[in-house]
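**Q** With the input below, show me the fold.
(one chain, ligands or ions: 1)
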Amino acid sequence: MADKHKAQSHPSSKNERPMSVDFKDIVVIGGGFSGTVLAVHLLRQSVAGRSLAVMDEGTVPARGLAYGTTYACHLLNVQAGEMSAFPDDPEHFLNWAQRNCSGIVEPQSFLPRASYGEYLGSLLEGIQTRERAAGTEFAWIRDTAVSVENSPDEFVIHRRNGPPVVASIVVLALGNFPPGNAPFRGLESRRVLPAWSKNSLAGLSDDDVVLLIGSGLTSVDVTLALHADGFHGKIQLLSRHGLLPLCHQLTPPWPRFYPERSARTVLGLWRLIRKEVASAAATGVDWRAVIDSLRPSLQTMWQSLSLNERRRFLRHARAYWEVHRHRIAPAVARTFSNLMKEGRVEILAGRILSCRENFNAIEVSFRKRETGTTQTLRATRVINCSGPETDYRKAGGPLLASLFEQNLVRQDALALGLDVDEDGAVLDSSGRASQRLFAIGPVCKGRLWESTAVPELRVQAANLASCLLKRKLRRSRSVSRRREILPVR
Ligand SMILES: Cc1cc2nc3c(=O)[nH]c(=O)nc-3n(C[C@H](O)[C@H](O)[C@H](O)COP(=O)(O)OP(=O)(O)OC[C@H]3O[C@@H](n4cnc5c(N)ncnc54)[C@H](O)[C@@H]3O)c2cc1C
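**A** Have a look, this model is predicted:
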């Protein structure tokens, strides 16, 4: 491994004494929805003598980025009736919420994301105390994995704060990375903060102007959080198209219509959807039902497109698709639209031309989409809400860098994540599927496209658990055991 990783990954490498490490059959790195639910499946079905650990850097287990929010205004963007963690028990979350959440909970309710975090926490608690198959061993390790080192039949996972863990199988459940560096020069200033960073909302006064780069779900979240924090200054959202996520609305369902032998081009699919939306409208059914009816076919649709067509989709259709597919809860839409009516929130569309720091502000010039004229904004803080960075070479930190360096992983052709096979096995740099390194969640977006939200991830978790449990682990161990290894040099 390169020196930089040795240094970062292994704080104790100065100390040449052997260290005591834990051995686990399976280690899942990342304990958000994907890692937690995968662990629950594994523990329910595992056989005696197996050992499993989830390593997650978050302060509260099982929350991940989405469900760790403490803002009550951050609501799920999927109805309660569709948020079960288990594909074979579709009302599991609804039943839990009806027992545990205040107020009336209906299948159509949009509950706080923090409540969903509690639900995931309760699954973890259940598995720790009751539901686990007898004789399996489980540990939740609160730490950051900083590198994974490959040896012929096991991996050594180096942690930021503790001794390494050795595993036969590693699953990457890393979730979404923060937005990448702002893609324009001049925005490297300390006044420009990535969304989700600890201090991005701190220290603002009502005279401040906050500019959000991007107008998707993240910008909506940040706007609501600023509002909840009592910020009364101006909030501007700037994105290329100036499109906001659309709002959910109750509508009768529309039957599945994607035929197996349908158009294999973006334009063909676009036309097909428009035609279907028109037919739905003629019978009083809203376009939302048409989009929702496509949901089970989205992965197949993506896979039916050639690489060039997928590129075309990303370039020309993605922005429009995202606002129709990723919709917001009605209550969120109401708050947002009130803020716009009061003039506190403004949406701007255009391409950024230049940015520069000027006294206590950042000046951002952009070409307006509608008129082609140039406008300059003056903001005291800029928050980058341009969506998660998917180029894992840039965003993955030392953990991914260590995997790339050992040729254990490769990016998918569109740099949407890592290349994986149909089981979630990670492909190495030569395209060979690993027998021991797997991935789940947004990291599989290149292969599946629709690999971000609970309805798809719960299926991935169940399938990956079955796939892993079928594998013969190299050595059967009665319990995880401690052994000594030398620090990486
Ligand atoms: C703000 C937001 C709101 C969302 N709302 C919804 C919704 O309402 N409904 C829905 O279906 N989907 C929603 N989603 C989609 C969401 O991505 C999935 O629902 C789900 O949370 C993804 O889970 P995950 O475990 O794959 O990723 P995450 O939840 O991001 O979990 C990944 C975990 O891995 C940890 N990690 C990463 N690297 C390391 C490392 N090196 N060492 C240790 N730990 C590491 C992270 O800290 C994190 O805890 C939302 C997403 C976001 C970002």
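**Q** wait, does the helix or strand where residue 40 lies contact the ligand?
**A** Following DSSP states H and E, one finds residue 40 within helix 33-45. Yes: applying CB under 6 Å from any ligand atom, one finds helix 33-45 touching the ligand at 33-35. For glycine as for every other residue, the C-beta is placed from the backbone atoms N, C-alpha and C.
**Q** counting contacts, what elements does that helix pack onto?
**A** With contacts defined as 3 or more CB pairs under 8 Å, 6 or more residues apart in numbering; DSSP states H and E, the secondary structure elements packing on helix 33-45 are strand 19-29, strand 51-56, helix 64-67, helix 113-126, helix 454-470.
**Q** got the buried residues for it?
**A** Using 16 or more other CB atoms under 10 Å as the test for burial, helix 33-45 gives 33-43.
**Q** that older thread, redo the residues of helix 33-45 next to the ligand as CSV? Include pLDDT and distance to residue 379.
**A** Output for those, formatted as CSV (pLDDT from 0 to 100; distance: CB to CB, whole Å):
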residue, pLDDT, distance to residue 379
33, 98, 34
34, 98, 35
35, 98, 37
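**Q** So the closest residue to the ligand within the stretch 351-489 of the chain versus residue 448, what's the distance?
**A** In the stretch 351-489 of the chain, no residue comes nearer to the ligand than residue 441, which is 2.9 Å away by CB to the nearest ligand atom. Noted for residue 441: a distance of 10 Å to residue 448, by CB to CB, to the nearest Å.
**Q** Kindly report the same for residue 410.
**A** Taking CB to CB, one finds residue 410 at 16 Å from residue 448.
**Q** if we can go back for a sec, now the buried residues of helix 33-45 as JSON lines including distance to residue 295?
**A** Listed next are the buried residues of helix 33-45 as JSON lines, based on distance: CB to CB, whole Å:
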{"residue": "33", "distance to residue 295": "17"}
{"residue": "34", "distance to residue 295": "18"}
{"residue": "35", "distance to residue 295": "23"}
{"residue": "36", "distance to residue 295": "23"}
{"residue": "37", "distance to residue 295": "19"}
{"residue": "38", "distance to residue 295": "22"}
{"residue": "39", "distance to residue 295": "26"}
{"residue": "40", "distance to residue 295": "24"}
{"residue": "41", "distance to residue 295": "22"}
{"residue": "42", "distance to residue 295": "27"}
{"residue": "43", "distance to residue 295": "29"}
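**Q** Double-check residue 245 against residue 321; I have them as touching.
**A** No: counting by CB atoms under 8 Å, residue 245 sits too far from residue 321 to count as a contact (11.4 Å).
**Q** Provide the count of other residues in contact range of the closest residue to the ligand within the stretch 201-350 of the chain.
**A** Closest residue of the stretch 201-350 of the chain to the ligand, CB to the nearest ligand atom: residue 221 (5.5 Å). Close neighbours of residue 221, defined as other CB atoms under 10 Å, add up to 24.
**Q** can you start the count at 26 instead of 1 from here on
**A** Understood, numbering begins at 26; the last thing we discussed is residue 246.
**Q** Verify the contact between it and residue 99 for me.
**A** Yes: counting by CB under 8 Å, residue 99 is a contact partner of residue 246 at 6.0 Å.
**Q** Show me which residues of the stretch 126-275 of the chain sit near the ligand.
**A** Residues of the stretch 126-275 of the chain lying near the ligand (CB under 6 Å from any ligand atom): 138, 169-170, 198-201, 246.
**Q** Return the subset of those residues lying in helices.
**A** Residues of those located in helices (DSSP state H): 138, 246.
**Q** And the furthest pair within the residues of the stretch 126-275 of the chain next to the ligand?
**A** Within those, 170 and 246 form the most distant pair, 26.6 Å apart (CB to CB).
**Q** Now residue 254: closest residue in space that isn't a chain neighbour?
**A** The shortest distance from residue 254 to any non-neighbouring residue, by CB to CB, 6 or more residues apart in numbering, is to residue 226 (6.1 Å).
**Q** Relative to the longest strand anywhere in the chain, what are the paired strands and their orientations?
**A** In the chain, with assignment by DSSP state E, the single longest strand is strand 370-383. Next to strand 370-383 in the sheet, as set by DSSP bridges, lie strand 259-264 (parallel), strand 386-393 (antiparallel).
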